[in-house]
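> Return atomic coordinates for the entry below.
(4 chains)
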Number of protein chains: 2
Amino acid sequence: MSHAKKKSPATVQSGLTMADLAKLAGVSKITVSRALGESPLVTTETRERIQALARKHGYKLNVSARNLRLRRSHTVAVIVEMKPSSSRTMWDPYPLSLLGGISQELTSAGYSVLLTTRHDAANAAVQAADGLILLGQGVHQDAVRLYDRMGLPMVVWGAESGQDSHIVVGSDNRQSGISVAERFLSIGRRHPVFIGNSDHPEMAQRLHGFVDELAGHGIKPLLLQRVDWTLESGVDAVRSLFNRKVRFDSIFACSDLLAMGAIRALVELGMSVPNDVSVVGYDDTPHGASFLPPLSTVRQNWQEGGVLLARKVLALIDGQPVASQMLPTNLVVRAT
Amino acid sequence: MSHAKKKSPATVQSGLTMADLAKLAGVSKITVSRALGESPLVTTETRERIQALARKHGYKLNVSARNLRLRRSHTVAVIVEMKPSSSRTMWDPYPLSLLGGISQELTSAGYSVLLTTRHDAANAAVQAADGLILLGQGVHQDAVRLYDRMGLPMVVWGAESGQDSHIVVGSDNRQSGISVAERFLSIGRRHPVFIGNSDHPEMAQRLHGFVDELAGHGIKPLLLQRVDWTLESGVDAVRSLFNRKVRFDSIFACSDLLAMGAIRALVELGMSVPNDVSVVGYDDTPHGASFLPPLSTVRQNWQEGGVLLARKVLALIDGQPVASQMLPTNLVVRAT
DNA sequence: CGAGCGAATGATATCGATATCAAGATATCG
DNA sequence: CGATATCTTGATATCGATATCATTCGCTCG
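I've put the predicted structure just below:
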């Protein structure tokens, strides 16, 4: 019966199995499996013969079958927080760069990248994943905890919260805050303002670094809480400072958009950047570099972050010990 | 022998199979399969009983096993062109929005989204996919052809080239060009300039629409070829126009960055926007909306595009007839 | 020269789900 | 009331790869 499968080789879309290859090579299935799997159990000669045969006939491994037998999916699920509207995350470039790094690293390790949004993550395929990478979960610590309970190897992009059981990879937000503070101090600024959302873990870290470093010099910055990271929000923030007649000479904004908005408002209000007020943004977006005046900002290395995220999950899957890690950032000093 | 598997239910990580469920319910595996698969072949009563049991014990379908048996992967591979450096595609927001739409639609149809970069696409998992979606392949028609040969259902984001065998979904670039032309004509502009890369299929379509519509009014726009879509490139373009003493009164730039660069150069050269020169950009980036003056631009609906891409692949996989489709764009008239 | 050893290969069972066909239970009809 | 149609369930084979144990063959060494 099983010999009755006479598929015309070109008709059926590459329906070549190991059994077929085995017959062609005059060996058994298992030998084919070993030959293709670089097992040392077969002669170099047979291995090469079979590999050549496989190449010639365009043999393709059936991933499902292998995964079934091996009881692993060779898949890492990447869960991205994507809000449906034009909110920040949706427009921000960073997930894509991160994704690039992740995809590159995982694929070259023979893993697949399964992309899902937070809402869909109950998916059977996600639950079958060998590991999990969470992106953009910043505000949703509860979501993180939810996935944590799935018991899978998991790495999260974001800020270290100290109390979490999972591995975190992110930019060194705290150090960023310190660097900006140092910069402000070095150019003699004494009345700094921080614009951002302190409820957001990553921004909170920046704030802490900023505050702590300044405190060492007896300076207490003003926190201007802003939930939106839009340009308008930056404009608005500076106006409110002005209306409240607050004295300030430097601004650390948590996004380039906020920073540019702030600068615009400053200029409108007759102040000079950077003479009267220094401004530093965050993210090093292309707009910032071309802004007038060119924006000083903090740059994160997304690509490398993605690679690191991937390496950590793989190590976890492999049972190796893994630690959280924060990537250094660069303070890019331009004109502001 | 096969009865010897006594796994302690809590120890093994959710190692519950249909066979286990069957034993618990006192039925056969196949009945469980049918009950969970909403098959009409089982009584409503048993179906519900088994579903409840499955929920209670946290049963999880083994995707590999099902895919193996069904000879399909229930997976659509999304191949994204991601250049390693800080090139446009890397930073552009659009792939993420597209990805959002794709992921949403595919996941809710029970499919998985396999993310890969162009380089990794020889991957076994990709070749096992039931369908392919290509993003950001704009310039690389050769790449498209390569995947086309895999013989999988395939949908490409981009511009319709007329000679291709595959399905294309994209924004109606040609209509966009027409709309901008109409706009320029309606406000009495007679010396329009197009800034962009005519080698890029999507931009070429915009150019054609633009040129054709203007030709109907006896006007021939000037094409300013620019490979980079940066702000600097826009500045540079306008300067070169100025140096060549070209007369112009309107600019259609193929990206918001180009447009903003152009405007900056215009202002520097003492011209007024929009009094002397009208400018329209492309993409409706958040920066553009907040630009001073607020940028007029063409908006594409990425999210919807993603959903549409997904629906088309699914239809193709399903064997239904499918046609290419171009999504309408919106000309957002602001101050420029 | 035969026991014993290692290298290379193979036969079989198995991973977990579903298609197919068979069979038992129940209902319907003349 | 018996026969056939319908409904529900089950036994078995199967998808394609790999782990395990068995087997074959050639070779070394006492």
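> Would you point out the helix or strand in chain A whose mean pLDDT is lowest?
helix A:88-91 (a mean of 43; mean pLDDT, DSSP states H and E).
> After that one, which helix or strand is next?
helix A:94-108 (DSSP states H and E).
> Using neighbour counts, pick out the buried residues of that next one.
Across helix A:94-108, burial judged by 16 or more other Cβ atoms under 10 Å in any protein chain shown covers A:94-107. C-beta here means a position set from N, CA and C on the backbone, and glycine is covered the same way.
> Nearest to DNA strand D among those?
Closest approach between those and DNA strand D, by Cβ to the nearest atom of the strand: A:Thr107, at 17.8 Å.
> Quick check: closest non-adjacent residue to the closest residue to DNA strand D within the stretch 151-300 of chain A.
With Cβ to the nearest atom of the strand as the measure, A:Pro153 is the residue of the stretch 151-300 of chain A nearest to DNA strand D, at 20.0 Å. Spatial nearest neighbour of A:Pro153, excluding adjacent residues (Cβ to Cβ, 6 or more residues apart in numbering or on different chains): A:Leu316 at 3.5 Å.
> what residues are up against the one you found?
A:Leu316 makes contacts with A:131, A:153-155, A:167, A:322, as judged by Cβ atoms under 8 Å, 6 or more residues apart in numbering or on different chains.
> cutoff 10 Å now
A:130-132, A:152-155, A:166-167, A:322 (Cβ atoms under 10 Å, 6 or more residues apart in numbering or on different chains).
> roughly how far apart are the residue nearest to A:Arg72 when sequence neighbours are not counted and A:His287?
Leaving aside its sequence neighbours, A:Arg72 sits nearest to A:Asp130 (Cβ to Cβ, 6+ apart; 5.4 Å). With distances taken as Cβ to Cβ, to the nearest Å, A:Asp130 is found 39 Å from A:His287.
> Same question for A:Ser186.
Remark: distance between A:Ser186 and A:His287 (Cβ to Cβ) = 26 Å.
> The two: who's more crowded?
A:His287 (26 against 8; other Cβ atoms under 10 Å in any protein chain shown).
> residues in chain A within reach of DNA strand C, list them.
Selection of chain A residues close to DNA strand C by Cβ under 7 Å from any atom of the strand yields A:26-31, A:34, A:40-43, A:46, A:65, A:68-69, A:71.
> out of those residues, which are inside helices?
A:29-31, A:34, A:46, A:65, A:68-69 (DSSP state H).
> Would you write a ChimeraX line that selects the buried entries of the residues you listed?
Selection command for ChimeraX covering only the buried members of those, criterion 16+ other Cβ under 10 Å:
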select /A:31,34,65,68
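> which of the ones in helices among the residues of chain A next to DNA strand C sit farthest apart?
Within those, two members stand farthest from each other by Cβ to Cβ: A:Thr46 and A:Leu68, at 26.2 Å.
> which stretches of the stretch 151-300 of chain A form strands?
Ranges of strands in the stretch 151-300 of chain A, per DSSP state E, counting those that start in this stretch, are A:154-157, A:167-171, A:192-196, A:222-225, A:250-253, A:278-282, A:296-299.
> just to revisit the earlier point, most surrounded residue in the contacts of A:Leu316?
In terms of neighbours by other Cβ under 10 Å, those top out with A:Val155 at 27 neighbours.
> Would you agree it is in contact with A:Asp148?
No. Applying Cβ atoms under 10 Å, one finds A:Val155 not in contact with A:Asp148, separated by 11.3 Å.
> what touches both of these two?
A:132, A:134, A:166.
> For those, give me CSV that also has distance to chain B and pLDDT.
Below are the shared contacts of A:Val155 and A:Asp148 laid out as CSV (distance: Cβ to the nearest Cβ, whole Å; pLDDT from 0 to 100):
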residue, distance to chain B, pLDDT
A:Leu132, 14, 93
A:Leu134, 15, 90
A:His166, 17, 84
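> For those residues, give me CSV that also has distance to A:Gln300.
Shown next, in CSV, are the shared contacts of A:Val155 and A:Asp148 (distance: Cβ to Cβ, whole Å):
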residue, distance to A:Gln300
A:Leu132, 22
A:Leu134, 17
A:His166, 20
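> In helices, which of the residues you listed fall?
In helices, defined here by DSSP H, there are no members of these.
> one step back: of the contacts of A:Leu316, which one scores lowest on pLDDT?
For these, the weakest pLDDT value sits at A:His166, with 84.
> What are the neighbouring residues in contact with it?
A:His166 neighbours (Cβ under 10 Å, 6+ apart): A:132, A:134, A:144-145, A:147-148, A:153-156, A:316, A:324.
> mind checking the backbone torsions on it?
The phi/psi pair for A:His166 (degrees, to the nearest 10) reads phi -90, psi 170.
> count of neighbours near the closest residue to A:Arg174 other than its chain neighbours?
Spatially, and ignoring its direct neighbours in sequence, A:Arg174 is nearest to A:Gly209 (3.8 Å; Cβ to Cβ, 6+ apart). A count of neighbours around A:Gly209, defined by other Cβ under 10 Å, yields 22.
> Wait, A:Gly209 touches A:Ser171, no?
No. Counting by Cβ under 10 Å, A:Gly209 does not reach A:Ser171; the two are 11.4 Å apart.
> Alongside DNA strand D, which residues does chain A contribute?
So chain A meets DNA strand D at A:1-2, A:5, A:15, A:17-19, A:29-30, A:33, A:36-37, A:60-62, A:65-66, A:68-70 (Cβ under 7 Å from any atom of the strand).
> Separate out the buried members of these.
Buried residues within the residues of chain A next to DNA strand D, defined by neighbour count using 16+ other Cβ under 10 Å: A:17-18, A:33, A:36, A:61-62, A:65-66, A:68.
> Closest one to B:Ser278 out of those residues, please.
Within these, the smallest distance to B:Ser278 is 57.4 Å, found for A:Leu61 (Cβ to Cβ).
> any idea how far that closest one lies from A:Leu99?
Applying Cβ to Cβ, the value for A:Leu61 to A:Leu99 is 25 Å.
> Pop the domain breakdown of chain A in here.
As given by automatic domain parsing, the domain ranges for chain A are A:2-61, A:75-170+A:302-327, A:173-299.
> between the ones you listed, which one is nearest to B:Ala204?
domain A:173-299 (23.7 Å).
> Would you mind measuring the gap between the ends of that closest one?
One end of domain A:173-299 to the other measures 11 Å (Cα to Cα, to the nearest Å).
> same question, stretch A:278-293
Using Cα to Cα, one end of stretch A:278-293 lies 11 Å from the other.
> any weak-confidence spans in the stretch 101-250 of chain A?
Confidence mapping of the stretch 101-250 of chain A against pLDDT under 70 gives the ranges A:137-140, A:162-163.
> What ranges does it have for its helices?
A:124-127, A:141-148, A:173-186, A:201-215, A:231-243 (DSSP state H, counting those that start in this stretch).
> Show me what from the stretch 101-250 of chain A comes close to chain B.
Residues of the stretch 101-250 of chain A lying close to chain B by Cβ under 10 Å from any Cβ of the partner chain are A:101-104, A:106-108, A:110-117, A:119-129, A:150-152, A:229-235.
> Identify the residue of the stretch 101-250 of chain A closest to DNA strand C, quick one.
Closest to DNA strand C within the stretch 101-250 of chain A is A:Ala124: 9.3 Å, counting by Cβ to the nearest atom of the strand.
> helix/strand/coil for the residue lying closest to that residue once chain neighbours are set aside?
Leaving out its chain neighbours, the residue that sits closest to A:Ala124 by Cβ to Cβ, 6+ apart is B:Leu61, at 4.9 Å. In three-state terms, and counting by DSSP: H, G, I helix; E, B strand; the rest coil, B:Leu61 is coil.
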